[in-house]
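> Let's see this in three dimensions:
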Amino acid sequence: MVRARVPSRVDRLKDPVYRQRFLQIAADAVLVAAAYYLAFRLRFLDAQGGVPERYRHMLLNSIAFVVVGKLIIFYAFGLYEKWWRYFRLPDMIAVLRACAVATLIMALTFLLLKPFNDQIPRSVLISDFLLTLFLVSGARLLVRMVIVERLARRDSVRGAGEVLVVGAGSGGQMVVRELQLNPNLGQRAIGFLDDDARKRGMRLHGVKVVGTTDEIGNVLDELAPDEVVIAIPSAPGELRGRVVAACRDRDVQVRTLPTVFELLRGGVQLTRQLRAVQVEDVLGREPVRMELARVGAYMEDKVVLVTGAGGSIGSELVRQIARVRPKLIVLLDQAEDNLFQIDREMIEERHFTAVESVLADCKEPDRMLEVMQRFKPDVVFHAAAYKHVPLMEANPLEAVRNNAIATRVTAETAVASGCQRFVLVSTDKAVNPRTVMGASKAMAEWIVEAAGRKHPQTRFITVRFGNVLASSGSVVPIFRSQIERGGPVTVTDPEMTRYFMTIPEAVQLVIRAGDLGAGTGEVFVLEMGEPVKIVDLARNMIRLAGYEPDVDVTIEFVGKRPGEKLHEELFNSDERAQPTASDKIVRALRRAPLDPEWVAGSVTRLEQLVREGDEANLAEQTVTLVAKRETAALDVDDVTA
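Okay, the predicted model is just below:
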């Protein structure tokens, strides 16, 4: 076994960190000595012959002790934990405290120990404090301003890329400061754009606010930057779209700061986190933000089980749940590779080790009961589901088995193990469904609602929302791959619309919904904003890829698939929206409550068809069953009216 060599003192001095710290200490020693010497000179400035002999003796014999003492105090106050090039005005507080404490200790030493026959003049102590504060802090500021920022500007002239920053707030200023402090990045900021009229003409970190985002076209023509950085993590999609369109017309590269969710995952150097503008940035809808620690507090120090933990929704659930400090997260999935990936991410990348990965199928009652009894989860998020509509139409047995029957198995075994909360992740395709996939998800909602009425000791909740961008069932990855192949991009119908939300937003709202209502099988619906035309989404994605729609990449309309709707809905015909305590979540209040016995009987009949392998009859019976339920609900509503 080869033993690692312990670095010697000489090796440590060669290290840039130790070498820089040593130079800073040496510089401070010179500055402190100069301040102490000048304090005596100023005190006796008017005296003939300069400093009297007895005070010259005091100065010469005490200066070494004063310097060493002050350096020890400076070190204790952390003045050498930061390089001078990163010194900022707020750091002055630490310097002020260190100088004040050093002066106080020096005064007490001279007063109590009396190392000399004469006492040190009070004016010398005051002057020494002021001079030390001025020289120590001034040297740091000088290094920052002169050596760093001026050299950065000088180096940037040599072929550095010019960057226009959109947003003069904290995000934009951090980007500019990073560019100035790191000339090796090869870029320099040449201006800000900001819609705050009060900032017009201001200079922030030496960079001028040259206009508003409405003037971006003129500013781009005038300054001709090499790149535009959108430095507003919360920027609305409309603003991002306007900036992207103007830059695309002039062949200027655009990048953006990550969203709040991405910032929380990433490192600290913002310029390395800049990424290309993505389609979710220009959807024109305000992103949803919640205080996750507050809305997910009900999971703190609890055992949480997530089914489908390797999927797009399930894996994001795991990431966000980990941030509220649960006792344990049980990752359950039947896809080995997906489960391995999220397990590795949580342990090796996120350093969250309170996870237990379980390879299991939610359709198997014995295996699920074994898992539930072993871990006894307090909260279950059931995100395991099949999502692809055409594939489920071709495989109705698996659609019903995985989406409906597996939900019943998971719910019943959760109740048997003493689970406190059960949250089903549903979809807008469960609303007035005309496909096997949609009908199977509608049945899953019925199962959870019936379980909530039958088992009041467990809070059963369903959360329903539309498409999530970049999920395994979303159109976005399909469009992206089609664009990469050069097209055509296939759209079913020019009038087709869909609701869209990012995965982190949807998951955050799912977690919030898990703490709403009485838990008697209630259905909560996420507010998805305005529906987006699929053809507009396709055109945006083509443009963001650097192509022109119908010129470089064609769009082909292929027609609706069987059972597919032009416009998705979020509420069934027998439901009405009711506000909740959360702004972005509403309750879907059913006019005619479900009969748990009817639900159990219906699922049992379909399960019999699944066991018999009667695929054709199963598909017909599933859709017919849902249609009959809708008709019965409407008839009850008419009678009530």
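> Wait, residue 381 touches residue 513, no?
No - counting by CB atoms under 8 Å, residue 381 sits too far from residue 513 to count as a contact (10.6 Å). For every residue, glycine as well, the C-beta is placed using N, CA and C.
> who's more crowded, the two?
residue 381 (30 against 27; other CB atoms under 10 Å).
> need the strands for the stretch 501-641 of the chain, in chain order.
Listed in chain order, the strands of the stretch 501-641 of the chain (DSSP state E, counting those that start in this stretch) span 520-526, 532-533, 555-557, 575-579, 585-590.
> Identify, out of the ones you listed, the most deeply packed stretch.
Comparing those by mean neighbour count (mean count of other CB atoms under 10 Å), strand 520-526 comes out on top with a mean of 24.
> Pull out the buried positions in the longest helix along the chain.
With secondary structure taken from DSSP state H, the chain has its longest helix at helix 16-43. Counting neighbours by 16 or more other CB atoms under 10 Å, one finds that the buried residues in helix 16-43 are 21, 24, 27-29, 31-32, 35-40, 42-43.
> Mind putting the strands of the stretch 501-641 of the chain into JSON lines with mean pLDDT and distance to residue 464?
JSON lines is the format used below for the strands of the stretch 501-641 of the chain (pLDDT from 0 to 100; distance: least, CB to CB, whole Å):
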{"stretch": "strand 520-526", "mean pLDDT": "86", "distance to residue 464": "5"}
{"stretch": "strand 532-533", "mean pLDDT": "84", "distance to residue 464": "18"}
{"stretch": "strand 555-557", "mean pLDDT": "90", "distance to residue 464": "29"}
{"stretch": "strand 575-579", "mean pLDDT": "84", "distance to residue 464": "10"}
{"stretch": "strand 585-590", "mean pLDDT": "86", "distance to residue 464": "7"}
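> okay if I get those strands as a markdown table plus distance to residue 64?
Output for these, formatted as a markdown table (distance: least, CB to CB, whole Å):
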| stretch | distance to residue 64 |
| --- | --- |
| strand 520-526 | 70 |
| strand 532-533 | 74 |
| strand 555-557 | 80 |
| strand 575-579 | 74 |
| strand 585-590 | 69 |
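> quick one: which of these is nearest residue 365?
strand 520-526 (20.9 Å; CB to CB).
> Can I get the closest one in CSV, CA atoms only?
In CSV, the C-alpha atoms belonging to strand 520-526 read as follows (Å, rounded to 0.1, in the frame of the first residue of the first chain):
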residue,chain,number,x,y,z
THR,A,520,-61.1,11.8,2.3
GLY,A,521,-60.0,11.1,-1.3
GLU,A,522,-60.2,14.7,-2.4
VAL,A,523,-58.9,15.7,-5.8
PHE,A,524,-56.7,18.8,-6.1
VAL,A,525,-56.0,20.5,-9.4
LEU,A,526,-52.9,22.5,-10.1
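> Give me the angle between that strand and strand 585-590.
In terms of direction (axes from the mean of the first three to the mean of the last three CA atoms, to 10 degrees), strand 520-526 departs from strand 585-590 by 130 degrees.
> now strand 520-526: how far from the chain's centre is it?
Strand 520-526 sits 26 Å away from the centroid of its parent chain (CA atoms, centre = their mean, to the nearest Å).
> by contact count, what packs against it?
Using 3 or more CB pairs under 8 Å, 6 or more residues apart in numbering; DSSP states H and E as the contact test, the elements touching strand 520-526 are helix 436-454, strand 459-465, helix 503-513, strand 585-590.
> among those, which is nearest residue 65?
With CB to CB as the criterion, residue 65 lies closest to helix 503-513 of those, at 58.5 Å.
> which secondary structure elements does the closest one contact?
helix 292-295, helix 312-322, strand 421-427, strand 459-465, strand 467-469, strand 520-526, strand 585-590.
> And those: which comes nearest residue 539?
Each of the helices and strands packed on helix 503-513 has some distance to residue 539 by CB to CB; the shortest is strand 467-469, at 15.9 Å.
> hang on, the earlier thing: for the longest helix of the chain, which helices and strands make contact with it?
Against helix 16-43 (3+ CB pairs under 8 Å, 6+ apart) you get helix 9-14, helix 53-76, helix 122-142.
> Redo those as JSON lines? Include distance to residue 255.
Listed next are those as JSON lines, based on distance: least, CB to CB, whole Å:
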{"stretch": "helix 9-14", "distance to residue 255": "37"}
{"stretch": "helix 53-76", "distance to residue 255": "41"}
{"stretch": "helix 122-142", "distance to residue 255": "31"}
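> Mean pLDDT added to these, as a markdown table?
Formatted as a markdown table, these follow (pLDDT from 0 to 100):
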| stretch | mean pLDDT |
| --- | --- |
| helix 9-14 | 53 |
| helix 53-76 | 92 |
| helix 122-142 | 91 |
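> Quick one, which of the strands of the stretch 501-641 of the chain gets closest to residue 102.
Nearest to residue 102 among the strands of the stretch 501-641 of the chain is strand 585-590 (57.1 Å), distances taken as CB to CB.
> what angle do that closest one and strand 459-465 make?
Using the same axes, to 10 degrees: strand 585-590 against strand 459-465 is 110 degrees.
> Pull strand 585-590 out as PDB, backbone CA atoms only.
Taking Å, rounded to 0.1, in the frame of the first residue of the first chain, the C-alpha atoms of strand 585-590 are listed here in PDB:
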ATOM      1  CA  ILE A 585     -54.200  24.800  -6.100                       C
ATOM      2  CA  VAL A 586     -58.000  24.300  -6.400                       C
ATOM      3  CA  ARG A 587     -60.200  21.500  -5.200                       C
ATOM      4  CA  ALA A 588     -62.200  19.500  -7.800                       C
ATOM      5  CA  LEU A 589     -65.500  19.200  -5.900                       C
ATOM      6  CA  ARG A 590     -67.500  16.300  -7.300                       C
END
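> and the closest residue to residue 534 other than its chain neighbours, what does it touch?
With CB to CB, 6 or more residues apart in numbering as the criterion, residue 534 has its nearest non-adjacent residue at 4.7 Å, and that residue is residue 496. Counting by CB atoms under 8 Å, 6 or more residues apart in numbering, residue 496 makes contact with 533-535, 560, 566-567.
> buried subset of those?
Applying 16+ other CB under 10 Å to the contacts of residue 496 flags 534-535 as buried.
> In TSV, list the contacts of residue 496 along with distance to residue 167.
Output for the contacts of residue 496, formatted as TSV (distance: CB to CB, whole Å):
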residue	distance to residue 167
533	29
534	31
535	31
560	42
566	38
567	35
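> Could you tell me which of the contacts of residue 496 belong to helices?
534-535.
> State the pair within the contacts of residue 496 that is farthest apart.
Largest separation among the contacts of residue 496 by CB to CB: 533 and 560, giving 14.8 Å.
> all helices in the stretch 251-400 of the chain, in order from the N-terminus.
Taking DSSP state H, counting those that start in this stretch to define them, one finds helices in the stretch 251-400 of the chain at 260-265, 270-273, 292-295, 312-322, 336-344, 365-375, 389-394, 396-400.
> closest one to residue 492 among those?
Relative to residue 492, the nearest member of the helices of the stretch 251-400 of the chain by CB to CB is helix 389-394, separated by 10.9 Å.
> So which elements touch that closest one?
Counting contacts by 3+ CB pairs under 8 Å, 6+ apart, helix 389-394 packs against helix 436-454.
> who's in contact with residue 217?
246, 249.
> oh, and call the first residue 59 from now on, that's how I've got it
Right, with 59 as the first residue, what we last looked at is residue 275.
> Check what pLDDT it gets.
Looking at residue 275, its pLDDT reads 89.
> quick revisit: of all the helices and strands packed on strand 578-584, which one comes closest to residue 159?
Among the helices and strands packed on strand 578-584, the nearest to residue 159 by CB to CB is helix 561-571 (46.1 Å).
> low-scoring stretches of the stretch 559-699 of the chain, by residue?
Low-confidence regions of the stretch 559-699 of the chain, defined by pLDDT under 70, span residues 620-621, 687-699.
> Cheers, nothing more for now.
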